[in-house]
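S.K.: sequence and predicted structure, then a few things I'm wondering about:
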2 protein chains.
Amino acid sequence: MKKGRLDDVVVIGVGCSKFGERYDKSYEDLAVEAFEEALQDAGIAREDLQAGWLGTFFPGFGGGMAGSSLADAIKLYGKPMTRVENYCATGMEAFRNAAFAVAAGMYDIVLALGVEKLKDRQSRGLPRIDWHPLLIKGNTAPGVFALAATRYMEKFSIDRKPLACVAVKNHMNGSKNPKAHLRKTITAEEVLSAPLIAYPFGLLDCCPVTDGAACAILARKEVARELKKDYISILGIGLAVTSARPQFKPDFEYIGFPATVYASNQAYEMAGIKPQDLDFAEVHDCFTWTEISNYEDLGFAQKGEGWKLAVDGDTAIDGKIPVNPSGGLKSFGHPIGASGLRMIYEVVIQLRGKADEGRKVRIKNGIGLAHNLGGPGSVACVTILGGK
Amino acid sequence: MKKGRLDDVVVIGVGCSKFGERYDKSYEDLAVEAFEEALQDAGIAREDLQAGWLGTFFPGFGGGMAGSSLADAIKLYGKPMTRVENYCATGMEAFRNAAFAVAAGMYDIVLALGVEKLKDRQSRGLPRIDWHPLLIKGNTAPGVFALAATRYMEKFSIDRKPLACVAVKNHMNGSKNPKAHLRKTITAEEVLSAPLIAYPFGLLDCCPVTDGAACAILARKEVARELKKDYISILGIGLAVTSARPQFKPDFEYIGFPATVYASNQAYEMAGIKPQDLDFAEVHDCFTWTEISNYEDLGFAQKGEGWKLAVDGDTAIDGKIPVNPSGGLKSFGHPIGASGLRMIYEVVIQLRGKADEGRKVRIKNGIGLAHNLGGPGSVACVTILGGK
């Protein structure tokens, strides 16, 4: 097999809206807020864009359905605009498909934009399960991830305290991030005594439901050079899908998320690096335990030992491998289709050394990783950015 | 700008399920029915596939949500699988993104599969509009396209008879196609006297709602040669999006679908051909008038004169430019996410000279076009296949 590389594709601009309860902004307003920042960052005009990819998980009235929702938001017509969806990994999928189109030589400058408005809407778009006697009971995101977490906790003999360490760390980082949804520090005691949602997850083990948008502008390297633009290169991308139904999983014995293992192996191989080469990572911490599993699935720790990184502070801003310097889904928030691109945004800002004081990571090799997980852990997308 | 080409990407296999009221088959069964045919056609094993793109417009219980729905249908795990959606152009979008990934050098052999199960389901997934006093009244597909059709009919002084010619032609072709949904001939009198749905569209001016799946297997040309496989090349692809809201259309004066004009111009330019070079076309005839507009928007006729092609028989199987030899959406059926790939399937089968007797087109230049339209005409995707 020919080994694919994205040598010719770079990121020349990123943008991110304020995340939170954005009752003041429509779906399109949020998209524009992120988009305008990215345009300015890239130093290009709107008309320079030749194509777009939109990441939205829940289509709703006002946006999210088809490429027209992106065209109508940024008022750019007559060009190719595509919607992609892959559960909570939707945002990074927009980035991935945009990168492939540039690498294919189809376009010089393209947009990948993720946006989701979750706070003032009905829960539409998902298949209705309210007729089903079992699914209606507990088949929620907390319910599904709780089953995986309790299995891990039993197998590796830990209680809820290591999970709480993840929440405390991510809120610490997010408290210093002006764009974060939940900008406040919390204590382990608060996490452990918060109302229980689905054991072992209390309210503060769960990421919030959020409104927000984020985007990246990708270009051919040659074009970026002509524009005299600083850029960040795409070193590796991986995507893997497993079954959304536990009974079909050939890898059921694995405790954690095989999709992340497969996707990160693809990305590491393409980038020609090992996990140890990373300066930091943005990972999908939809629940506190998810981040612990991610440490292991991404190769930062042996299986069963990821929780120690959280307890020992190894993933804090000044730790060996800082994780979620942005605040993560836990503090920054999780507007589904936006999260993957929000991670790309954070990795780019950190690699440029432009993150806020107090949550700036140390850059040694100039390589960062972003990891987006979706469904019942059945899809993962991993992007490695860095260098030139 | 660098001119993109897809010289390195070819189609090595296609498959299509029986279209119709498939109460006997689940969403996944339909996907498998098309998939098995394509695997056999390509002469490869399931495991040879390195990535997949799924086109489904309405996610439903049992499938259509995220890449996992494709992995679970064909039982292929640990690989990249992506869902794309772009209104009724969803199927061809899956093909387009798959082609870009191969052209980028990321994968050698990939699958683009479209599937939709519409007959035994609630209408889920679309944003709910039942709270809105105006949208609830007539903002249906027939209602929206009827407004465009009546404007055309008034401007160019035609009645419903030319529209009926399209239905008669497409049913004639579909009657000879064992996989078509509505396999019967109809007369112009039947079309004109059928119950009215939304003037000028009677029941027989509207394509049916259908269950079905279709797919294509794409490969790098070098790999196809190693496999000693016959293949059909991708000569051009275009995609364009306009506003989904008439009030924002800068091109409102245009009678027809500017998205089709933009997308086909992109595709013609990439392929280096003109409309006259085509041997035949599969176009998006969601309503009879839509096909007439497509003739003009695709450059087969001047604006305002497309209806003459239908009346004069120029687009019949033995006409100057046969259109919808498959039977089209009108007779073959329209399972939304599948239709674009069903068109690709038909173009490949015709170019190979393998279509059923009585609906086989004459191949001169060996070039065919497929055209997929979506939303209120706000997105169009055009693919030109041919040669080697």
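M.R.: Sure thing, it's come through.
S.K.: so how far is chain B from the nearest residue to A:Lys221 once chain neighbours are set aside?
M.R.: Counting by CB to CB, 6 or more residues apart in numbering or on different chains, the nearest residue to A:Lys221 once its immediate chain neighbours are dropped is A:Val10, at 5.1 Å. The C-beta positions use only the backbone N, C-alpha and C, and glycine is treated the same way. Separation of A:Val10 from chain B (CB to the nearest CB, to the nearest Å): 14 Å.
S.K.: residues contacting the residue nearest the centre of chain A?
M.R.: Chain A has A:Gly340 as the residue nearest its centroid, 3.1 Å off, counting by CA atoms, centre = their mean. Counting by CB atoms under 8 Å, 6 or more residues apart in numbering or on different chains, A:Gly340 touches A:Gly55, A:Ala89, A:Thr90, A:Gly91, A:Met92, A:Glu93, A:Ala94, A:Phe95, A:Gly114, A:Ala370, A:Asn372, A:Cys381.
S.K.: list the contacts of the residue lying closest to A:Glu47 once chain neighbours are set aside.
M.R.: Distances taken as CB to CB, 6+ apart place A:Leu76 nearest to A:Glu47, at 7.4 Å, with adjacent residues excluded. Each residue near A:Leu76 by CB under 8 Å, 6+ apart is listed here: A:Arg46, A:Glu47, A:Leu49, A:Gly52.
S.K.: could these be laid out in JSON lines, adding neighbour count, pLDDT and secondary structure?
M.R.: As requested, the contacts of A:Leu76 are exported to JSON lines (neighbours: other CB atoms under 10 Å in any protein chain shown; pLDDT from 0 to 100; DSSP: H, G, I helix; E, B strand; the rest coil):
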{"residue": "A:Arg46", "neighbour count": "12", "pLDDT": "97", "secondary structure": "helix"}
{"residue": "A:Glu47", "neighbour count": "8", "pLDDT": "97", "secondary structure": "helix"}
{"residue": "A:Leu49", "neighbour count": "22", "pLDDT": "98", "secondary structure": "coil"}
{"residue": "A:Gly52", "neighbour count": "27", "pLDDT": "98", "secondary structure": "strand"}
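S.K.: list the contacts for A:Tyr345?
M.R.: A:Val14, A:Gly15, A:Cys16, A:Ala214, A:Cys215, A:Ala216.
S.K.: so what secondary structure elements neighbour the host helix or strand of A:Arg151?
M.R.: Assigned by DSSP states H and E, A:Arg151 falls within helix A:141-155. The contact analysis (3 or more CB pairs under 8 Å, 6 or more residues apart in numbering or on different chains; DSSP states H and E) places helix A:141-155 against strand A:196-198, strand A:201-202, helix A:288-297.
S.K.: what does the stretch 201-350 of chain A have sitting close to chain B?
M.R.: Residues of the stretch 201-350 of chain A lying close to chain B (CB under 8 Å from any CB of the partner chain) are A:220, A:238-245, A:248-251, A:258-259, A:262-263, A:266.
S.K.: can I have the buried ones of these as a PyMOL selection?
M.R.: Burial among these is assessed by 16 or more other CB atoms under 10 Å in any protein chain shown; the matching PyMOL selection reads:
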select buried, chain A and resi 220+238+239+240+241+242+243+244+249+258+259+262+263+266
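S.K.: show me the residues of the stretch 201-350 of chain A next to chain B that map onto strands.
M.R.: Judged by DSSP state E, strands contain the following of those: A:Arg220, A:Gly238, A:Leu239, A:Ala240, A:Val241.
S.K.: need those in JSON lines with pLDDT, can you?
M.R.: JSON lines is the format used below for those (pLDDT from 0 to 100):
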{"residue": "A:Arg220", "pLDDT": "96"}
{"residue": "A:Gly238", "pLDDT": "98"}
{"residue": "A:Leu239", "pLDDT": "98"}
{"residue": "A:Ala240", "pLDDT": "98"}
{"residue": "A:Val241", "pLDDT": "96"}
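S.K.: distance to A:Gly377 for the residues you listed - can I get that in a markdown table?
M.R.: A markdown table is the format used below for those (distance: CB to CB, whole Å):
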| residue | distance to A:Gly377 |
| --- | --- |
| A:Arg220 | 35 |
| A:Gly238 | 15 |
| A:Leu239 | 14 |
| A:Ala240 | 11 |
| A:Val241 | 11 |
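S.K.: returning to that earlier point: so which of the contacts of A:Gly340 are also by chain B?
M.R.: Among these, the residues within reach of chain B (CB under 8 Å from any CB) are A:Glu93.
S.K.: by neighbour count, which of the contacts of A:Gly340 wins?
M.R.: A:Gly91 (39 neighbours; other CB atoms under 10 Å in any protein chain shown).
S.K.: the closest residue to it other than its chain neighbours in helix, strand or coil?
M.R.: Sequence neighbours aside, A:Gly340 is the residue nearest to A:Gly91 in space, at 2.8 Å (criterion: CB to CB, 6+ apart). Three-state call for A:Gly340 (DSSP: H, G, I helix; E, B strand; the rest coil): helix.
S.K.: if we can go back for a sec, tell me the most buried of the helices and strands packed on helix A:141-155?
M.R.: Each of the helices and strands packed on helix A:141-155 was assessed for mean neighbour count using mean count of other CB atoms under 10 Å in any protein chain shown. The highest is helix A:288-297, with a mean of 28.
S.K.: so A:Pro178 versus A:Cys16, what's the distance?
M.R.: 11 Å (CB to CB, to the nearest Å).
S.K.: low pLDDT regions in the stretch 201-350 of chain A?
M.R.: Counting by pLDDT under 70, the ranges of the stretch 201-350 of chain A that qualify are A:246-250.
S.K.: those helices in it, which residues are they?
M.R.: Under the criterion DSSP state H, counting those that start in this stretch, helices of the stretch 201-350 of chain A are mapped to A:221-226, A:258-271, A:288-297, A:306-312, A:328-332, A:336-351.
S.K.: just say helix, strand or coil for A:Leu30.
M.R.: Per three-state DSSP, A:Leu30 ends up helix.
S.K.: what residues are up against it?
M.R.: Counted by CB under 8 Å, 6+ apart, A:Leu30 has contacts A:Ser17, A:Arg22, A:Val115, A:Lys117, A:Asp211, A:Gly212, A:Ala213, A:Pro335.
S.K.: is it correct that the last one is in contact with A:Cys207?
M.R.: No: with the criterion set as CB atoms under 8 Å, A:Pro335 and A:Cys207 do not qualify as a contacting pair; they are 10.5 Å apart.
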